[in-house]
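> structure for the following, please:
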Amino acid sequence: AGQAAADWGAHARAAAEVAGVATPGRPRGVGRALNITESDLMAMGHYVFYLDEPFKLILTCLPKVGSTETVKLILRMAGEPKKTWRGKISSARVHGIPQRKDHLLSRLSPAEAQRRLLDPEYTRAVLVRDPLERLLSAYLDKIVGQRAASGASRSWWDMNKTVNSYRLRPGRAKPTFHEFATWASASPWPAIPEQELANPLGYNPYSAHPFVPWGPRPPELKYYNSESNPLNIWDPRYAKRLGDPHWRGQTHLAGLHKTAALYDYIIPLDKAQEGMRALLEGLPGGDAWERFGASGWGTDGNLSFMEKAGDSHTTDAHRRLHDAYNNDIDLMNRVAATYWEDYVTFSPHLQWPEAVTFWQVRGQRFAYDEPNA
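Model prediction:
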């Protein structure tokens, strides 16, 4: 069985390299020093899924990178009822399905999670997305999103009532994409001007920059309440979750800063269909694509997995990318510089924008970052 898995793995990597979605020459030796901790499992959270026999697959599903569809795939392969992954089920429903918890790597002990991450018989895959496009998708979904008709702004944190709950002041129009991208590409400090926010904060809650570990107690703590924390008791772990995951750098999600070198497949979203097909065809048995990917997807169940994903994504960010940035090189510089770690970590699968020169923006300060600007 072990040799068969190894043979299928070699076949899979060869096919995927042709498709341009594998990681040629992946440095397996990096894993020898891997030490998964409880903090790592917390970071992996609800992003990293695993399937044991017969597939031996680890699939990381990042927000705003086709995660709804990839979670559906995991549920289907795991033999969960069709109602949990059928085409018409909403995104919110998919990410709230209790059955998905049974397949989260973070539910294991650190030792068991580490064993699977290092086991050569397991195949590890992650979908990634160009940061400029991903930020636009987050804006269209989470800022414009469900309140577009009412003209009010919204955010993921507004909906989930977490410790980082914040909103723009009443009557404040939705931020334009240029405003949002400027805030996202600014550092956590100083704060967005107080007149912009309903509840003034001591930092910029829209920033995509990683917040310092064990950051200061958020001044908006009094707005946080939940059944699990009825007395608003401050837990310093929340200080690591100040950045919104929908536009936080992909390298800083799911423990990828520590495990990215272990992945066999790094699949760009614009090559999702061919990449996922190569992945499934390379799993033990060789029939996973025919069983779970070739049919049954789409609203009417007549598409293959991720078919036309690049053209028919809900927020259609790829089509609107050119219009949103409007050839604003300074804005593209800001955003690309903010996510430089994504480009470096997932190169060559993510390509640095041609219009942006890395060495010109590295370490550059922008006017918005100046306290008195």
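> what residues are up against the closest residue to residue 114 other than its chain neighbours?
Once flanking residues are discounted, residue 114 sits nearest to residue 36: 4.0 Å by CB to CB, 6 or more residues apart in numbering. To be clear about C-beta, it is placed using only N, CA and C from the backbone, and glycine gets the same treatment. Counting by CB atoms under 8 Å, 6 or more residues apart in numbering, residue 36 touches 110-111, 113-114, 117, 255.
> got the phi and psi for residue 36?
The phi/psi pair for residue 36 (degrees, to the nearest 10) reads phi -80, psi 130.
> how much space separates it from residue 118?
Plainly put, residue 36 is 9 Å away from residue 118 if you go by CB to CB, to the nearest Å.
> same question, residue 210
Distance from residue 210 to residue 118, by CB to CB: 26 Å.
> list the helices and strands whichever strand in the chain runs longest packs on?
Ordering each strand of the chain by length in residues (DSSP state E) puts strand 123-128 first. Applying 3 or more CB pairs under 8 Å, 6 or more residues apart in numbering; DSSP states H and E, we find strand 123-128 packed against strand 57-60, strand 265-268, helix 272-281.
> columns mean pLDDT, distance to residue 70 and mean neighbour count on top of these, output as TSV?
Shown next, in TSV, are those (pLDDT from 0 to 100; distance: least, CB to CB, whole Å; neighbours: other CB atoms under 10 Å):
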stretch	mean pLDDT	distance to residue 70	mean neighbour count
strand 57-60	97	6	25
strand 265-268	96	10	25
helix 272-281	94	8	23
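> quick one: closest of these to residue 188.
In terms of CB to CB, the element of the helices and strands packed on strand 123-128 nearest to residue 188 is strand 57-60, at 25.3 Å.
> parallel or antiparallel, which strands does that closest one pair with?
Here strand 57-60 is paired, per DSSP bridges, with strand 48-51 (antiparallel), strand 123-128 (parallel).
> burial measure for residue 172, as a count.
Neighbourhood size, residue 172 [other CB atoms under 10 Å]: 14.
> what of the one 4 residues further on?
The burial metric for residue 176, expressed as a neighbour count using other CB under 10 Å, is 12.
> now do residue 303
For residue 303, the count of nearby residues is 18 (other CB under 10 Å).
> how about it, phi and psi?
Geometry field for residue 303 lists phi and psi as phi -120, psi 160, criterion degrees, to the nearest 10.
> could you check how far the residue lying closest to residue 41 once chain neighbours are set aside is from residue 38?
Excluding its sequence neighbours, the residue lying closest to residue 41 (CB to CB, 6+ apart) is residue 106, at 4.4 Å. From residue 106 across to residue 38, the span is 9 Å (CB to CB).
> which one of these two has more residues nearby?
residue 106 (21 against 10).
> follow-up on the earlier one: pick the most buried one from the strands paired with strand 57-60.
strand 123-128 (a mean of 26; mean count of other CB atoms under 10 Å).
> just the CA atoms of that strand, as CSV, please.
What follows is strand 123-128 as a C-alpha-only set of coordinates in CSV (Å, rounded to 0.1, in the frame of the first residue of the first chain):
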residue,chain,number,x,y,z
THR,A,123,-0.6,14.7,-0.1
ARG,A,124,-0.7,18.4,1.0
ALA,A,125,-2.4,21.1,-1.1
VAL,A,126,-3.4,24.7,-0.8
LEU,A,127,-5.2,27.1,-3.1
VAL,A,128,-3.8,30.7,-3.3
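> my read is residue 75 is in a helix, agree?
Yes. Note on residue 75: a helix contains this position according to DSSP: H, G, I helix; E, B strand; the rest coil.
> these two touch, right, it and residue 101?
No. Judged on CB atoms under 8 Å, residue 75 makes no contact with residue 101 at a distance of 11.1 Å.
> could the strands paired with strand 57-60 go into JSON lines alongside distance to residue 179 and mean pLDDT?
Below are those laid out as JSON lines (distance: least, CB to CB, whole Å; pLDDT from 0 to 100):
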{"stretch": "strand 48-51", "distance to residue 179": "33", "mean pLDDT": "96"}
{"stretch": "strand 123-128", "distance to residue 179": "26", "mean pLDDT": "96"}
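> give the contact list for the nearest residue to residue 346 once chain neighbours are set aside.
Using CB to CB, 6+ apart and skipping the chain neighbours, the partner closest in space to residue 346 is residue 128 (4.9 Å). By CB under 8 Å, 6+ apart, the residues touching residue 128 are 62, 65, 250, 266-269, 342, 346, 349-350.
> can we see that at 10 Å?
Residue 128 sits next to 60, 62, 65-66, 134, 250-251, 256, 260, 263, 266-269, 342, 345-346, 349-350 when contact means CB atoms under 10 Å, 6 or more residues apart in numbering.
> please apply the same query to residue 107.
For residue 107, counting by CB under 10 Å, 6+ apart, the contacting residues are 41, 44, 46, 50, 101, 113.
> turn these into a markdown table, including distance to residue 186.
Shown next, in a markdown table, are the contacts of residue 107 (distance: CB to CB, whole Å):
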| residue | distance to residue 186 |
| --- | --- |
| 41 | 31 |
| 44 | 28 |
| 46 | 28 |
| 50 | 37 |
| 101 | 35 |
| 113 | 35 |
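> turn those residues into CSV, including secondary structure and distance to residue 141.
CSV is the format used below for the contacts of residue 107 (DSSP: H, G, I helix; E, B strand; the rest coil; distance: CB to CB, whole Å):
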residue, secondary structure, distance to residue 141
41, helix, 27
44, helix, 23
46, coil, 18
50, strand, 27
101, helix, 24
113, helix, 30
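> flag the least confident of those.
Minimum pLDDT across those is recorded for residue 101, with 86.
> count of residues packed around that residue?
Look at residue 101: counted by other CB under 10 Å, it has 10 neighbours.
> now, the contacts of residue 128 that are in helices?
Mapping those onto helices (DSSP state H) picks out 134, 256, 342, 345.
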